[in-house]
Each structure stands twice: as C-alpha cells, then as structure tokens.
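In: 3D, please:
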Amino acid sequence: QLVESGGGLVQAGGSLRLSCVASGFSFDDYAIGWFRQAPGKEREGVACISNTYDRTWYEDYVKGRFTISRDNAWNTVYLQMNSLKTEDTVVYYCAAGNYSGSLYTNDYTYWGHGVQVTVSS
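Out: Alright, predicted model coming up:
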C-alpha cells in the first residue's frame with residue numbers, strides 16, 4: 001500500500017512537499033516514482049528514485065524545481081516542489097517498481113490513490 005499526502009492549494013511560485021508512505025512490501029527493494037495526471041490526459045512521469053544509492057531522474061519540465069528523496073527508515077518518499085506553476089495543477093501519484101530510472105507507468109507495480117495539487121495564479 002502507498003499513501004500520498006501533502007497536497008493542497010498554493011499560489012504560483014510557492015512550494016509544497018508531497019509524502020508517500022509505503023507498507024505491506026519490502027520498501028528497500030523498490031524504486032519509487034512520482035507521476036501525475038490531469039483530467040482527460042494520460043498519466044505521466046515526474047521523477048523517480050532508485051532503491052539503492054538514491055539515484056534520481058526527472059522529467060525535463062520539473063528539473064531544477066522538484067526534488068525527490070527517500071527515507072528507508074520510515075518507508076517514505078518525498079517530492080519537494082518549488083516554483084510551482086499553474087500547469088502543475090493535477091493529481092500526483094506515487095508508485096513502487098523494480099526498474100530504477102524508469103518513468104513508464106507499466107514498470108510500476110504498486111500505486112497510491114493520488115493527491116490533488118492546485119496552483120492558483
């Protein structure tokens with residue numbers, strides 16, 4: 001099970017930190033990704049972090065603004081989102097998979113239910 005939190009309403013230029021807490025599987029063995037989905041659109045990758053050495057990957061549209069990190073002691077992954085834009089207004093999902101570096105949804109096994117982020121102008 002994966003449970004996201006930390007979403008909400010923020011003004012453009014502001015920051016939010018999303019959290020994803022895992023349970024029911026061996027968290028240390030899985031890469032974790034953050035994805036997002038706008039209404040009527042396909043789910044797209046945002047960032048991911050490997051299960052070892054904390055290697056990270058980002059889609060171009062969030063590079064320099066978002067930071068993914070993980071705390072294996074607490075089975076938690078974070079997504080720090082800075083300089084938020086109105087186009088970042090979507091539902092964010094975390095997911096666990098076996099392929100480090102992948103931002104393809106098919107490579108992820110476990111999914112959270114998502115958390116809404118709304119950025120106002």
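
In: Residue 10: what's it in contact with?
Out: By C-beta atoms under 8 Å, 6 or more residues apart in numbering, the contact list for residue 10 reads 16, 84, 117-120. Heads up, the C-betas are built off the backbone N, CA and C, glycines and all.

In: Checking it next. Helix, strand or coil?
Out: Three-state call for residue 10 (DSSP: H, G, I helix; E, B strand; the rest coil): strand.

In: Over to the one 3 residues further on?
Out: The three-state assignment at residue 13 reads coil, by three-state DSSP.

In: Got a PyMOL select line for the buried ones in the contacts of residue 10?
Out: The PyMOL selection below is limited to those of the contacts of residue 10 classed as buried (16 or more other C-beta atoms under 10 Å):
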select buried, resi 16+84+117+119
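
In: phi, psi of the residue nearest in space to the middle of the chain?
Out: By C-alpha atoms, centre = their mean, the chain has its centre lying nearest to residue 34, at 2.3 Å. Dihedral angles of residue 34 (phi, psi; degrees, to the nearest 10) stand at phi -110, psi 140.
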